[in-house]
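K.L.:
Need a 3D model of the following:
(one chain, ligands or ions: 1)
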Amino acid sequence: MNSPIIVENSFLARLARLKLGTYSVAMVLGNKIHLSGATREEFLNDPYWVAHEMEHIRQFQEHGKLGFLRRYLLDWMRHGYYNIPFEVAAREAARLNASLYTQGRPLPDPAQMHQGAR
Ligand SMILES: [Zn+2]
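P.N.:
Predicted structure coming up:
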C-alpha cells in the first residue's frame, strides 16, 4: 500500500468539521487524509486516531472510491453518523491497531484519543 498523503488545512475537512460540529476532523478520501482543526503532528501523535483513519483507507481500497462514498452517505442517512458501519469498524480498528502507530512511544491512555462526532 502506498503511504497515505496528509493534507493540512483542508477545505473539504473544514466543511465536514462544520457539519459534524467537532473541534477537529480528519477525513479520508482515497489515499489522502484531509485535516481541519488539527496539524499533521497532532494527528500523528494520536495513534488511535491514525489507526481509525487507516481503517477508512483500507475501506476505500476494498470498496473503491465511489462504492465507499455511496455506501457511507446512504448509511449516514439511514443510521446516523455514529452508527455508520464504516465508522463502527474504524472505532474498533482504532483500539485494535493503535499499537502499530505509536512511533516507538508507549501507547497513550485510550481516554486521550481524538473524539469524533457522537
Ligand atoms: Zn471515521
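K.L.:
how far is whatever helix or strand residue 91 lives in from where the chain is centred?
P.N.:
Taking DSSP states H and E as the definition, residue 91 sits inside helix 85-97. Relative to its parent chain, helix 85-97 has a centroid offset of 9 Å by CA atoms, centre = their mean, to the nearest Å.
K.L.:
swap in stretch 55-71?
P.N.:
In terms of CA atoms, centre = their mean, the centre of stretch 55-71 is found 12 Å from the chain centre.
K.L.:
With stretch 41-48 instead?
P.N.:
With CA atoms, centre = their mean, you get 11 Å for stretch 41-48.
K.L.:
can you tell me if the helix holding residue 91 touches the ion.
P.N.:
Yes: using CB under 5 Å from the ion, helix 85-97 reaches the ion at 87, 90. In short, each C-beta sits where N, CA and C put it, glycine included.
K.L.:
Convert the C-alpha atoms of that helix to CSV, please.
P.N.:
The C-alpha trace of helix 85-97 is given here as CSV (Å, rounded to 0.1, in the frame of the first residue of the first chain):
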residue,chain,number,x,y,z
PRO,A,85,-20.9,0.6,9.8
PHE,A,86,-17.7,2.1,8.3
GLU,A,87,-17.4,4.3,11.5
VAL,A,88,-18.1,1.4,13.8
ALA,A,89,-15.4,-0.6,12.2
ALA,A,90,-13.0,2.3,12.3
ARG,A,91,-13.6,2.9,16.0
GLU,A,92,-12.9,-0.8,16.6
ALA,A,93,-9.7,-0.7,14.4
ALA,A,94,-8.6,2.3,16.4
ARG,A,95,-8.4,0.3,19.6
LEU,A,96,-7.1,-2.9,17.9
ASN,A,97,-4.4,-1.3,15.8
